[in-house]
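Chemist: sequence first, predicted coordinates after that:
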Amino acid sequence: MNKEKLIEKAKDIRERAYVPYSKFPVGAALLTKSGEIYEGVNIENAAYPTTCCAERVAIFKAVADGHYDFETLAVIADTDRPVPPCGSCRQVMSEFFAPDTPVHTANLSGKTKTMTMAELLPFSFTPDDLSKHE
Ligand SMILES: O=c1ccn([C@H]2C[C@H](O)[C@@H](CO)O2)c(=O)[nH]1
Ligand SMILES: [Zn+2]
């Protein structure tokens, strides 16, 4: 599964976003180390902060199915620049993604930007930081 195909998956699933409030659909596609693809869309709520982003929906679906190791994630929205994942999603990604895991961001005009997990969230709080309290 190359970068373009994963972005295409994210673009297709984006149609399923539940976005009655923002009208801002986002799609994500996550490739597991074992080759499965998990797709996610943003799911909003009348209680706005309860909304979950497309990236986290994809990751949570995969984790609930027993996948913890990931190759890469692609995310797409109708933005001027490739859509930057929000801070909450970066933190959730950092729980599961190795620092060198590539994250492909894209927009509908075909612009893409690939960043590693470490570039997206440097000096992140990790499970290792809890180890002193075990
Ligand atoms: O990377 C992003 C940025 C935003 N959103 C969602 C959250 C909300 O539903 C809407 C507007 O912020 O877009 C995502 O799903 N992923
Ligand atoms: Zn987010």
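Modeler: On my side now, so go ahead. Residues are numbered from 1 along each chain as shown. Ligands and ions are numbered 1, 2, ... in the order given.
Chemist: so where's the protein shaky on pLDDT?
Modeler: The model of the chain has no residue with pLDDT under 70.
Chemist: was I right to think Ser88 contacts Glu55?
Modeler: No - between Ser88 and Glu55 there is no contact under C-beta atoms under 8 Å: 9.1 Å. For every residue, glycine as well, the C-beta is placed using N, CA and C.
Chemist: the two: who's more crowded?
Modeler: Counted by other C-beta atoms under 10 Å, Ser88 and Glu55 do not tie: Glu55 has more neighbours, with 29 against 12.
Chemist: list the residues that contact that one.
Modeler: 26, 28, 40, 73, 75, 85, 89, 92-93 (C-beta atoms under 8 Å, 6 or more residues apart in numbering).
Chemist: in helices, which of those residues fall?
Modeler: Members of these lying in helices (criterion: DSSP state H): 89, 92-93.
Chemist: which residues of this protein lie near ligand 1?
Modeler: 19, 22, 24, 26, 42, 44, 51, 53-55, 75, 83, 85-86, 89 (C-beta under 6 Å from any ligand atom).
Chemist: just to revisit the earlier point, and the ones in helices among the contacts of Glu55 as CSV, adding distance to His104 and neighbour count?
Modeler: As requested, the ones in helices among the contacts of Glu55 are exported to CSV (distance: C-beta to C-beta, whole Å; neighbours: other C-beta atoms under 10 Å):
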residue, distance to His104, neighbour count
Cys89, 14, 26
Val92, 17, 19
Met93, 12, 22
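Chemist: which one of the residues you listed is nearest to ligand 2?
Modeler: Nearest to ligand 2 among those: Cys89, at 3.2 Å, using C-beta to the ion.
Chemist: give me the distance between that closest one and Ser34.
Modeler: Cys89 sits 22 Å away from Ser34, going by C-beta to C-beta, to the nearest Å.
Chemist: if we can go back for a sec, ok, which of the ones in helices among the contacts of Glu55 also contact ligand 2?
Modeler: Cys89 (C-beta under 5 Å from the ion).
Chemist: name the SS class of Lys5, please.
Modeler: Following DSSP: H, G, I helix; E, B strand; the rest coil, we place Lys5 in the helix state.
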